[in-house]
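# return a 3D structure for these sequence lines:
(one chain, ligands or ions: 1)
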Amino acid sequence: MIIEPRMRGFICLTAHPAGAEQSVKNQIEYVKSKGPINGAKKVLVIGSSTGFGLASRISSAFGSDAATIGVFFEKPAAEGKTASPGWYNSAAFEKFAHQAGLYAKSINGDAFSNEVKQQTMDLIKKDLGQVDMVIYSLASPVRTNPNTGVTHRSALKPIGNVYTNKTVDFHTGKVSEISIQPANEEDIENTVAVMGGEDWAMWMKALKDADLLAPGVLTVAYSYIGPALTEPVYRKGTIGRAKDDLEATAFTISDDLKDIDGKAYVSVNKALVTQASSAIPVIPLYISLLYKIMKAEGVHEGTIEQIQRLYAERLFTGKEVPTDDKGRIRIDDWEMRDDIQQKVADLWIQATTENLAEIGDLEGYRKDFYHLFGFDFDGVDYKADANEMVQVSSIPQE
Ligand code: NAI
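Modelled structure (predicted):
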């Protein structure tokens, strides 16, 4: 079928398999171009199909020749209906990994559930024995706690006061003001239950109890801080509470791993266009201004550049892992540079519908958004007939 982007609100209903393959290929080429990384060799990536998790899987496999098991929650294709982008990304990843002689298997299902944890552990036991790194990169609006059966829905809201600021509809370029009502206690608890550290700790405990963690194991989850501009809706809002909880969980996991010499880290990453970040009000405007400045300064990075640098210059240097005073790895260092933040803050005041295309990188935002779904890649013929029924080779067909 001929596959075209079909947008609805902040999501795209279609995805392009050949574009997804091109995206994965470009990321692999980038990692290979930067040379080998003396990193982990048997890696479990939870949330491995898009964004930072996919970049982690690619960096491990093609930077360190690692065997990878990827866990994700994606929709396979049906006749005439495309799969979700992470499905096509994972199909492409496995294809290239297998061509390179690398072990790569994937599990599609709800990572918050006991069943998917068990299925993953059975696979590790059967094929790898143990893993020496676990990347935790889930981004989800909902989680059912397997112990209580309660389904929690996160809310992206400020805490305490109504927050009013500018935002942009990146499809139309219209800058407008939006007001977000503050969260109540339940919103905060629910957001922490979905995006906090509880599930990460559950994974690590289950893996350790089953003796599936190698001595010296590393586990890394991803967080975000961002500037004062977005603080009320991000770091000091409900999602920020969840990130506080995630960051605190790194310490409890590290304690639990002491006897096997293991360590848990949170890495604070840069703001980037992903399916998760496009859904947060105000963030797209911030990102489009940030992109403009970082590109002009020659320090712009995408997910793959971020994770390749995290591995090569933070995690696997042979030296102690550098952290900030709260024990966090900082790979958002370029985003948070004073000069860059000052310039973004200046542009923020000026930004209007009329000037955003010029003073911000709206085009770059849009391109990245289309890329998430496999569209707008050079080297892909979008007019050609595409086979939507792509399989992820390690996942049995239904
Ligand atoms: P993403 O939306 O691109 O990826 C999310 C991944 O989680 C996908 O692989 C998806 O299949 C998987 N997933 C979601 N629900 C699942 C479930 N129930 N079971 C199994 N898999 C599930 O998100 P992104 O942006 O890469 O986020 C990953 C982490 O990075 C999050 O913790 C996020 O807060 C953090 N981060 C994101 C930043 C950004 O600007 N996008 C900046 C800094 C940190």
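# the ligand contacts on the protein?
47-53, 71-74, 86, 110-112, 137-140, 222-224, 269, 271-272, 274-277 (Cβ under 6 Å from any ligand atom). Every residue, glycine included, has its C-beta placed from N, CA and C.
# looking at these, which are in helices?
Judged by DSSP state H, the subset of those located in helices is 51, 52, 53, 86, 275, 276, 277.
# now for residue 287: which residues touch it?
271, 272, 273, 277, 365 (Cβ atoms under 8 Å, 6 or more residues apart in numbering).
# how near is it to residue 298?
Counting by Cβ to Cβ, to the nearest Å, the separation of residue 287 from residue 298 is 18 Å.
# again, but for residue 27
Taking Cβ to Cβ, one finds residue 27 at 20 Å from residue 298.
# in ChimeraX, select just the buried ones from the ones in helices among the residues of the chain next to the ligand.
ChimeraX command restricting those to the buried ones, with burial defined by 16 or more other Cβ atoms under 10 Å:
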select :51,52,53,86,275,276,277
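# how about residue 280: what's its closest non-neighbour residue?
Counting by Cβ to Cβ, 6 or more residues apart in numbering, residue 280 lies nearest to residue 156, which is 5.3 Å off, once chain neighbours are set aside.
# need the contact list for the residue lying closest to residue 369 once chain neighbours are set aside.
Counting by Cβ to Cβ, 6+ apart, residue 369 lies nearest to residue 273, which is 5.5 Å off, once chain neighbours are set aside. Neighbour list for residue 273: 284, 287, 365, 368, 369, 372 [criterion: Cβ under 8 Å, 6+ apart].
# can you confirm the fourth one is in a strand?
No. Secondary structure of residue 368, determined by DSSP: H, G, I helix; E, B strand; the rest coil: helix, with no strand assignment.
# what does the residue lying closest to it once chain neighbours are set aside show for phi and psi?
Leaving out its chain neighbours, the residue that sits closest to residue 368 by Cβ to Cβ, 6+ apart is residue 273, at 3.9 Å. Torsion angles at residue 273 (phi, psi; degrees, to the nearest 10) stand at phi -70, psi 110.
# what about residue 273, distance to residue 112?
25 Å.
# and the residue of the chain nearest the ligand?
Closest contact between the chain and the ligand, by Cβ to the nearest ligand atom, is at residue 51 (2.1 Å).
# so what pLDDT did that residue get?
Residue 51 is assigned 95 on the pLDDT scale.
# got the contact list for it?
Contacts of residue 51 by Cβ under 8 Å, 6+ apart are 137, 139, 272, 274, 275, 276, 303.
# can you get me the start-to-end distance on stretch 154-161?
18 Å (Cα to Cα, to the nearest Å).
# buried residues in stretch 93-101, which are they?
93, 94, 95, 96, 97.
# in contact with the first one, which residues?
Residue 93 makes contact with 24, 54, 57, 58, 61, 70, 104, according to Cβ under 8 Å, 6+ apart.
# which SSE is it in?
According to DSSP states H and E, residue 93 maps onto helix 85-99.
# for the next helix-or-strand element following that helix, C-alpha coordinates in CSV please.
Next along the chain after helix 85-99, taking DSSP H and E as the criterion, comes strand 104-108. C-alpha atoms of strand 104-108 as CSV (Å, rounded to 0.1, in the frame of the first residue of the first chain):
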residue,chain,number,x,y,z
ALA,A,104,18.6,-9.8,19.3
LYS,A,105,15.2,-10.9,20.6
SER,A,106,12.2,-8.9,21.5
ILE,A,107,9.1,-9.2,23.7
ASN,A,108,6.0,-7.2,22.9
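# re earlier: possible to save the ones in helices among the residues of the chain next to the ligand as JSON lines with distance to residue 291?
Shown next, in JSON lines, are these (distance: Cβ to Cβ, whole Å):
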{"residue": "51", "distance to residue 291": "16"}
{"residue": "52", "distance to residue 291": "17"}
{"residue": "53", "distance to residue 291": "21"}
{"residue": "86", "distance to residue 291": "23"}
{"residue": "275", "distance to residue 291": "17"}
{"residue": "276", "distance to residue 291": "17"}
{"residue": "277", "distance to residue 291": "12"}
